[in-house]
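Trainee: Have a look at this fold, sequence not included:
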DNA sequence: GGTTGCTAATAATGCGCATCATCAGATTGA
DNA sequence: TCAATCTGATGATGCGCATTATTAGCAACC
């Protein structure tokens, strides 16, 4: 059984018309002044119904139409246990948007893996061509790899802000800066003064943005910035106690759960003695873990928005043969670079600072605030 | 910038050879006695390197090669919050397998949705053609929809056992029967006698299999089967207490968490007074929820195995033009229908029955709702 | 010197579809 | 009555690639 597909030619034969006629009926529109009588149209449609004809997408794409496929490239595996919680929400949003756009999603799982990360090498992005455009998800990328996409004018959108590259690349990011600023504001409103920033330095955009937000907000309130960037959770906790911070903001990749445990082990209750705000969702939510206060990254919406944008770019760049005059408006700069608000999360890890001179000597004056 | 792709013809021009030669170099193999000298080969390869040529998958596919794309069709959205925990593991396995196979995964998110379920209608499976084959995930399907796939000899594999259809359809399922039998065995080994089955009747395969397993095992041990199939959790709990069950097996979609709470509210501790075994993973794991005993469905492995099988089917059915004689062995029947073992889970919801006559004054039991 | 045998490559074809250019026949205008 | 217009369709072409059939060139053999 050679699995021969039914083609337009088959349909045409049955309807007693030419292949071209079938194509015209299917595409509705008749670019050049081609007309099809209603009767013929019906005959063709009947034949289609009977034969169960189904278009060959590869042929369509080859013939210059869009494949209605949008790709998703992640620099790490998308669904391994560890990162499922991370990528999941993005995919949720992407899938939702894809449904509404009537588009299929292609996951580039075939890309060669090096050091546990997928590479967008020659053989990698080669495959991107199947899709009309592609979403890029994940941290790092080798600069050169992108160049090719740019050179060939291949439509793509980053998920996550792109500070580098002169800001010319399309992205949908999250407002880590604003979110962080608001957390500091909250703490200050509660009366906190000694507010530390816990988190390893990094060159990734979220980290840079968090630090910037922290810096900005502290400056605004005339407070001194204090960074704790130690590898060790225990050391970090010790530092927090030592520095007599009444509050810290923590990037989620810095094991906040363990940190809080460590703090309490040292007699500092969260949030009664130390408020802890999380600058993003916990990475590995623990069963029965704390209800973190802080902000959350709107990952689902980011995914959806990114796909919508990509779709815009694709149809903008569009079918090479300029077919429809009534093309949607060109993509604006504002669309090209979207930063979404990270809404505050009201959890249970923030409280006013302990009253009095503070837990300075830690042996007495453990007065619970009323 | 009209985004013109670089084609084999471009490469050929640069290398001073014909397009065909480029194709031969790329494909390595030379089906008919075509030979390419090492020198020419290098020249072509250089040209490819310089131009950054990249094959157009659509054209490849049209020309009769495999697209190296395998599809995944789910009858419900794959990643919505609610079912993410369910589909996630499958996807994990699928992705892993796809990586190893060097294949991309296409999610058919464009299928028309009716009643919240995707349909594999004419316009739905029409799109399946982009992929070389397809995985089918999720419960129900309209019989007629499949017929077309069968008619066109389109390769596909179900995830989840397929009892119907004369068992001719390829699937990778889980051994719910065996898993359930073992749970009963465990309970009996602990000394339980009054073992109830909690779960709504249904015609879906997992339910049928669980019931079959329960029936079989109970019969083996000479025990009376007792079914509790009430809509209401409270009523179910009441029934369990009323019937003086010392243990129940519960299908995960029947809100085991709530049920256990309800039991304890009625003074029956789990597992001290009543053991509860879960016939599958909890559907919506609750933060800080119970550690359920029972068995687990190897969803990741199911996904991976299904994809491997699909890959086999595809390359078996293969490129229409019989190119390689050294084709792998044909797919055997054993491969076509795989049932994976559901390993036991040692949790904290099983214990020996309460000692003494206790709550079991009954010598006259008669409860079979079957 | 013509036939055979071999190497190295090319020309030609088709995959299924969209689309452009063309055309047959009917209707109208003068 | 013949050109001009309109209607309804068809033929031909190309997308980029794999593949088959064919050819050109050259050495070897009797």
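Mentor: Structure's in. What do you need? Quick caveat: nothing in here was measured; it's all calculated off a predicted structure.

Trainee: for DNA strand C, what are the nearby residues on the stretch 51-200 of chain A?
Mentor: Proximity of the stretch 51-200 of chain A to DNA strand C, by C-beta under 7 Å from any atom of the strand, involves residues A:53-56, A:59-60, A:62-65. The way it works is simple: take the backbone N, C-alpha and C, and place the C-beta from them, glycine included.

Trainee: taking these one by one, which sit in helices?
Mentor: In helices, defined here by DSSP state H, the members of these are A:59-60, A:62.

Trainee: which of those are close to DNA strand D?
Mentor: Here is what survives when these are matched to DNA strand D using C-beta under 7 Å from any atom of the strand: A:59, A:62.

Trainee: Could I get the full set of helices for chain A?
Mentor: Assigned by DSSP H, chain A shows helices spanning A:8-15, A:19-27, A:38-51, A:57-62, A:81-101, A:122-126, A:143-151, A:176-190, A:205-220, A:233-242, A:256-265, A:299-317, A:333-336.

Trainee: So which elements touch the last one?
Mentor: So that's helix A:333-336. Applying 3 or more C-beta pairs under 8 Å, 6 or more residues apart in numbering or on different chains; DSSP states H and E, we find helix A:333-336 packed against helix A:299-317.

Trainee: Give me the contact list for the helix it packs on.
Mentor: Under the criterion C-beta atoms under 8 Å, 6 or more residues apart in numbering or on different chains, residues A:66, A:70, A:89-94, A:96-98, A:101, A:103, A:132-135, A:153, A:155-159, A:170-174, A:281, A:327-328, A:330-331, A:335-336, A:338, A:340, B:3 lie in contact with helix A:299-317.

Trainee: Can it be said to contact DNA strand D?
Mentor: No: judged by C-beta under 7 Å from any atom of the strand, helix A:299-317 stays clear of DNA strand D, getting no closer than 14.7 Å.

Trainee: for that helix, which positions count as buried?
Mentor: For helix A:299-317, a neighbour-count test (16 or more other C-beta atoms under 10 Å in any protein chain shown) marks A:299-315, A:317 as buried.

Trainee: And for stretch A:267-281?
Mentor: Neighbour counts using 16+ other C-beta under 10 Å place A:268, A:270-271, A:273-281 of stretch A:267-281 among the buried residues.

Trainee: can you put those residues in TSV and add distance to residue A:114?
Mentor: Output for the buried residues of stretch A:267-281, formatted as TSV (distance: C-beta to C-beta, whole Å):
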residue	distance to residue A:114
A:268	43
A:270	41
A:271	43
A:273	46
A:274	42
A:275	42
A:276	37
A:277	37
A:278	32
A:279	31
A:280	28
A:281	29
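
Trainee: Give me the neighbour count for the nearest residue to residue A:151 once chain neighbours are set aside.
Mentor: Using C-beta to C-beta, 6 or more residues apart in numbering or on different chains and skipping the chain neighbours, the partner closest in space to residue A:151 is residue B:52 (7.7 Å). By other C-beta atoms under 10 Å in any protein chain shown, 15 other residues sit near residue B:52.

Trainee: Residue B:52 contacts residue B:6, correct?
Mentor: Yes: Residue B:52 is within contact range of residue B:6, at 6.7 Å (criterion: C-beta atoms under 8 Å).

Trainee: Let me know the closest of the residues of the stretch 51-200 of chain A next to DNA strand C to residue B:74.
Mentor: The closest of those to residue B:74 turns out to be residue A:54 (C-beta to C-beta; 20.1 Å).

Trainee: what about stretch A:330-347, how long is it end to end?
Mentor: Criterion C-alpha to C-alpha, to the nearest Å; first-to-last residue distance in stretch A:330-347 is 42 Å.

Trainee: do the same with stretch A:21-33
Mentor: The straight-line separation of the ends of stretch A:21-33 (C-alpha to C-alpha) is 13 Å.

Trainee: now do stretch A:313-333
Mentor: Calculated as C-alpha to C-alpha, the first-to-last residue distance of stretch A:313-333 is 12 Å.

Trainee: what's the answer for stretch A:58-77, then?
Mentor: End-to-end distance for stretch A:58-77, by C-alpha to C-alpha: 27 Å.

Trainee: Buried residues, it. List them.
Mentor: The neighbour-count check on stretch A:58-77 (16+ other C-beta under 10 Å) flags A:58-62, A:65-77 as buried.

Trainee: Distance from stretch A:236-243 to the middle of the chain?
Mentor: What separates the centre of stretch A:236-243 from the centre of its chain is 34 Å, taken as C-alpha atoms, centre = their mean, to the nearest Å.

Trainee: Now do that stretch, average pLDDT.
Mentor: Averaged over stretch A:236-243, pLDDT sits at 93.

Trainee: Over to stretch A:268-276?
Mentor: 93.

Trainee: Likewise for stretch A:137-146?
Mentor: 71.

Trainee: what's the least confident helix or strand in chain A, going by average pLDDT?
Mentor: For chain A, using mean pLDDT, DSSP states H and E, the weakest element among its helices and strands is helix A:122-126, scoring a mean of 59.

Trainee: What degree of burial does residue A:351 show, as a neighbour count?
Mentor: Residue A:351: 19 surrounding residues under other C-beta under 10 Å.

Trainee: Please name the residues that touch it.
Mentor: Residues in contact with residue A:351, defined by C-beta under 8 Å, 6+ apart, are A:190, A:271-272, A:275, A:369.
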